[in-house]
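Q: heads up, no residue letters with this:
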């Protein structure tokens, strides 16, 4: 819901309460060279501008991991109906499942939550400014 900010969740909550791994590389730090486009196409098929669909992914372990982690780190109740995940998230899942490297999903979740809250605050500030302009008032 846009009228309320995402609930603040810190690193330790992602680690302790949600059971996400805290060891390994933070997924936000994984470079494009770590996961080649070819590997993403092997796993997910041809990508779209906004990401990759896991609808046709035949790697059961990959799909299970997406279903487990995605709702937690993005604060969603369900997976996207389109089964479309962002390119960066797709790269991180491939690093963990295919390349078998440790990934700090707790770090990823915390940074994602912080970014979501920051975007919400920015959006809310713009709404307040627009309302002030409409009412002819200063903030």
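A: Noted; the coordinates are in hand. Keep in mind that what you see is a predicted model, and the values were worked out from it rather than measured.
Q: in this structure, which helix or strand is least confident?
A: helix 37-44 (a mean of 85; mean pLDDT, DSSP states H and E).
Q: got the buried residues for it?
A: Buried residues in helix 37-44, defined by neighbour count with 16 or more other CB atoms under 10 Å: 39-40, 43-44. Just so you know, the C-beta spots here come from the backbone N, C-alpha and C atoms, and that holds for glycine as well.
Q: go on, stretch 129-137?
A: Residues of stretch 129-137 classed as buried: none (neighbour count, 16+ other CB under 10 Å).
Q: ok so, going back, show me what the least confident helix or strand of the chain is packed up against.
A: Applying 3 or more CB pairs under 8 Å, 6 or more residues apart in numbering; DSSP states H and E, one finds that helix 37-44 makes contact with strand 52-53, helix 87-97.
Q: so where's this protein uncertain?
A: 1-2, 27, 31-34, 139 (pLDDT under 70).
Q: list the buried residues for the longest helix seen in the chain?
A: Longest helix in the chain, counting residues (DSSP state H): helix 105-135. Buried residues in helix 105-135, counted by 16+ other CB under 10 Å: 105-113, 116-117.
Q: relative to residue 56, how far out is the residue nearest to residue 69 when sequence neighbours are not counted?
A: Using CB to CB, 6 or more residues apart in numbering and skipping residues adjacent in sequence, the residue nearest residue 69 is residue 105, 5.8 Å away. Distance of residue 105 to residue 56, given as CB to CB, to the nearest Å: 24 Å.
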